[in-house]
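1. Predicted model follows, preceded by the sequence.
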Amino acid sequence: MHSSNRRIRNRWIIGTLKLLVFSCFAATSCCWAGDDSGQTTRPNFIVVFCDDLGYADIGPFGAEGYQTPRLDQMAQEGMKFTDFYVGRSFCSPSRAALLTGCIPTRVGIGGNFGPHSQDGLHPDEITLADLLQGNGYATACFGKWHLGHQPKFLPPAQGFDVYFGIPYSNDMWPFHPGVRHLPEAERLKRWPHLPLYEGTDIIQPQIMPADQTTLTKRLTDRAVEFIREHRQQPFFIYLANPQPHVPLFASDEFHGRTERGLFGDVLTEIDWQMGRLIDTLQRLDLDANTCIVFTSDNGPWLSYGDHAGSAKPFREGKGTNFEGGFRVPCVMRWPGKIPAGTRCQELTSTMDLLPSFAELASVPLPDRVLDGRSIVPLMTGAAGAKSPHDAFYFYDGGHYLRAVRSGKWKLMFAQKYNSPIPGNGGLPGTNQRRDLSQSLFNLEQDIGETTDVADQHPDVVALLENLAEAMRQRLGDGPKVTGTERRPKGS
C-alpha cells in the first residue's frame with residue numbers, strides 16, 4: 001500500500017475507533033441531555049484562545065491605551081478568573097494542555113512545532129474535541145493549530161469536524177524578523193511559505209502580509225457561520241486567534257484606531273470579534289445555553305516591546321516560569337449559569353476545561369490520567385467552592401520541573417531564564433541571560449515575585465520540595481528522568 005494511502009487509512013481507523021468509544025459514552029448521558037420534547041439541553045462551548053495575550057491586555061485586567069468594551073461587558077455579565085494558568089508558557093505545549101487536560105510533559109510535548117517538524121500531538125490522545133464529537137457535538141477549530149502539521153496530527157484527526165486556519169505561528173514564514181533582510185531563496189531555507197488549510201487540504205500555499213490583515217475577520221466569519229449552521233445541535237468551537245502574536249496585523253477598519261498603536265488596534269479588533277460572537281448567539285436565541293471562555297495561550301512576548309502586551313503586575317513574560325509567563329487573563333460567560341459580575345481567585349487552569357466541559361455535557365472522562373479537574377463549582381459560584389488543585393507544577397521545554405505552587409506559596413528551583421531588553425516597530429530586542437537561585441515566593445504578599453522568603457519558611461520549602469519529588473516520580477525531571485506516567489508524542 002502506498003505510504004500516503006496507508007496514513008489516510010490509519011487516520012480513518014483511529015478516528016472511527018474514537019468515535020465508536022465515545023458514541024457508547026453518549027448513550028449513557030441521553031437522559032440528562034434532553035427534555036420531554038426530545039430537544040437537546042446540552043450546553044454549547046466556545047473557547048477563544050488568543051496568542052501571546054498578556055495578563056493586562058484586556059480592559060477587565062487593566063489594559064491601557066485602548067478600549068475593549070465587549071470584553072468589559074463579558075466580564076460584567078460573567079466571571080473573571082484572576083489565578084488562571086496555562087500548561088506551559090509556550091505555544092504548542094500550552095495548546096496540548098488545553099485540548100488534553102494534561103500537563104504538556106505528560107503527553108510528551110515540550111517545545112514548539114515548526115514547518116520542518118515531523119511529529120505532533122499523538123493521535124491516540126483523547127482531546128476535548130474527541131470527547132464532545134463522540135457525544136453528538138458539532139466541533140470546529142478556526143485559527144492557529146500548532147500541534148503538528150502532518151495529516152495525522154491536524155484537527156480533523158483530533159476530533160474536529162471542521163478546520164480552517166494556519167498550521168503553526170504566523171511568524172513562521174519567509175517574512176520572519178530574523179530572516180527578512182536575506183534574499184528570498186535564503187529565507188525559504190529557514191522558513192517556507194505559510195499555508196492556509198481547509199480540513200487537511202492546503203487551499204492557499206502562500207499567505208502574504210495582506211492576507212494576515214484580514215485573517216481575524218475571516219476566522220470570525222467562519223465561527224459565526226458555524227454557529228448558524230449548527231444551532232439545532234450542541235457545538236464546540238475552538239477559536240485559536242493567531243493574534244496578538246507578532247507580526248501584528250489588523251484589518252483596515254481597525255488600523256490606526258488607538259493611541260497604543262498597532263497592538264491596541266489588534267486588541268480592538270479582537271474585542272469586536274467577541275462582540276460579534278455574542279451578538280450572533282443572542283440573535284439565534286442560543287445565548288443562555290452557551291458557555292464562552294476567553295483566555296490566552298501564555299504571557300506576552302516582551303522582547304518585541306511596543307508590539308508586545310503587558311503582564312502587569314507580574315514578573316517577566318512568555319517563555320519563563322514566572323507568573324508573567326504562566327498566568328493569563330480569563331473571562332467566562334454563561335447567562336443564568338455563571339453569576340454576573342463575579343471574580344474567582346482560586347487556582348484554576350486551561351487543563352480544567354476538559355473535565356469541566358465533560359461534566360457539563362454529561363460525558364464520562366477518558367480512561368487515562370488527567371491533570372485537569374472540574375471547576376464547575378467555581379464557575380457556577382457554588383458557596384464555599386475551592387480550587388481542586390493541591391498544587392500546580394511548572395514544567396519547561398526540556399521537561400524539567402522548574403517550580404511548584406501550593407496555595408499562596410510558590411517554590412522556584414534554581415534555573416536560568418531570559419529577561420528581555422525590548423525592541424520596537426516589530427523587531428525584537430535582545431535577551432539577558434540571568435540566573436535564579438532556588439526561591440520561595442509568597443504570591444499573596446509579593447505578586448511580582450521579588451523577594452525570596454525561603455529562609456523564613458523552611459517548613460514550607462520542605463513541603464513544596466516533597467510535592468515536587470512526588471511529581472518527579474510520575475512525570476520525571478528532564479529528558480533522562482522520565483517518570484512512570486509520561487506518554488509519547490506522535491511521530
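-> Right, received. Where do you want to start?
2. so where's this structure shaky on pLDDT?
-> Within the chain, the stretches with pLDDT under 70 are 1-40.
3. How is it partitioned into domains?
-> Domain ranges of the chain: 44-379, 392-475, per automatic domain parsing.
4. Single out the most deeply packed of those.
-> Among the domains of the chain, ranked by average contacts under mean count of other C-beta atoms under 10 Å, first place goes to domain 44-379 (a mean of 21). In short, each C-beta sits where N, CA and C put it, glycine included.
5. picking up where we left off before, would you convert the domains of the chain into a markdown table that also reports distance to T484?
-> Formatted as a markdown table, those follow (distance: least, C-beta to C-beta, whole Å):
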| stretch | distance to T484 |
| --- | --- |
| domain 44-379 | 10 |
| domain 392-475 | 6 |
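6. three-state assignment of R472?
-> On the three-state scheme (DSSP: H, G, I helix; E, B strand; the rest coil), R472 is labelled helix.
7. quick one: it from G398, how far?
-> Distance from R472 to G398, counting by C-beta to C-beta, to the nearest Å: 14 Å.
8. Also R405?
-> In terms of C-beta to C-beta, R405 sits 20 Å off from G398.
9. For the closest residue to G478 other than its chain neighbours, give me its contacts.
-> In this structure, G478 finds its nearest non-sequential neighbour in Y400, 4.8 Å apart by C-beta to C-beta, 6 or more residues apart in numbering. Applying C-beta atoms under 8 Å, 6 or more residues apart in numbering, we find Y400 in contact with 415, 477-478.
10. I'd like to know which of the residues you listed are part of strands.
-> Q415 (DSSP state E).
11. circling back to that earlier point, mind checking the domains of the chain for the one nearest to G490?
-> G490 sits nearest to domain 44-379 of all those, at 3.8 Å, using C-beta to C-beta.
12. May I have the distance across the closest one, first residue to last?
-> End-to-end distance for domain 44-379, by C-alpha to C-alpha, to the nearest Å: 15 Å.
13. now swap in stretch 88-106 and tell me
-> OK, stretch 88-106 end separation, C-alpha to C-alpha: 12 Å.
14. That stretch: how far from the chain's middle?
-> Taking the mean of its C-alpha atoms, stretch 88-106 sits 8 Å from the chain's own mean (C-alpha atoms, centre = their mean, to the nearest Å).
15. can you pull out the helices in the stretch 51-200 of the chain?
-> 69-76, 91-100, 128-133, 184-190 (DSSP state H, counting those that start in this stretch).
16. Endpoints of stretch 169-182, how far apart?
-> For stretch 169-182, the first-to-last residue distance is 20 Å (C-alpha to C-alpha).
17. correction: stretch 74-83
-> 18 Å.
18. And for stretch 224-238?
-> This stretch, stretch 224-238, spans 12 Å end to end (C-alpha to C-alpha).
19. So which residues make contact with that stretch?
-> Taking C-beta under 8 Å, 6+ apart as the rule, stretch 224-238 contacts 40, 42-47, 49, 99, 128-129, 132-133, 136-143, 160, 162, 223, 276-277, 280-281, 284, 286, 357, 361.
20. Then stretch 283-290?
-> Stretch 283-290 is contacted by residues 41, 43-46, 227-228, 231, 278, 281, 334-336 when judged by C-beta under 8 Å, 6+ apart.
21. Dump those residues to JSON lines, plus distance to A308 and secondary structure.
-> Listed next are the contacts of stretch 283-290 as JSON lines, based on distance: C-beta to C-beta, whole Å; DSSP: H, G, I helix; E, B strand; the rest coil:
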{"residue": "T41", "distance to A308": "43", "secondary structure": "coil"}
{"residue": "P43", "distance to A308": "35", "secondary structure": "coil"}
{"residue": "N44", "distance to A308": "33", "secondary structure": "strand"}
{"residue": "F45", "distance to A308": "30", "secondary structure": "strand"}
{"residue": "I46", "distance to A308": "26", "secondary structure": "strand"}
{"residue": "I227", "distance to A308": "32", "secondary structure": "helix"}
{"residue": "R228", "distance to A308": "35", "secondary structure": "helix"}
{"residue": "R231", "distance to A308": "38", "secondary structure": "coil"}
{"residue": "I278", "distance to A308": "27", "secondary structure": "helix"}
{"residue": "L281", "distance to A308": "31", "secondary structure": "helix"}
{"residue": "W334", "distance to A308": "31", "secondary structure": "coil"}
{"residue": "P335", "distance to A308": "34", "secondary structure": "coil"}
{"residue": "G336", "distance to A308": "37", "secondary structure": "coil"}
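22. Could you identify the most distant pair in those residues?
-> R228 and G336 (22.3 Å).
23. Can you tell me which of the contacts of stretch 283-290 is closest to R70?
-> Using C-beta to C-beta, I278 is the member of the contacts of stretch 283-290 that lies nearest R70, at 7.0 Å.
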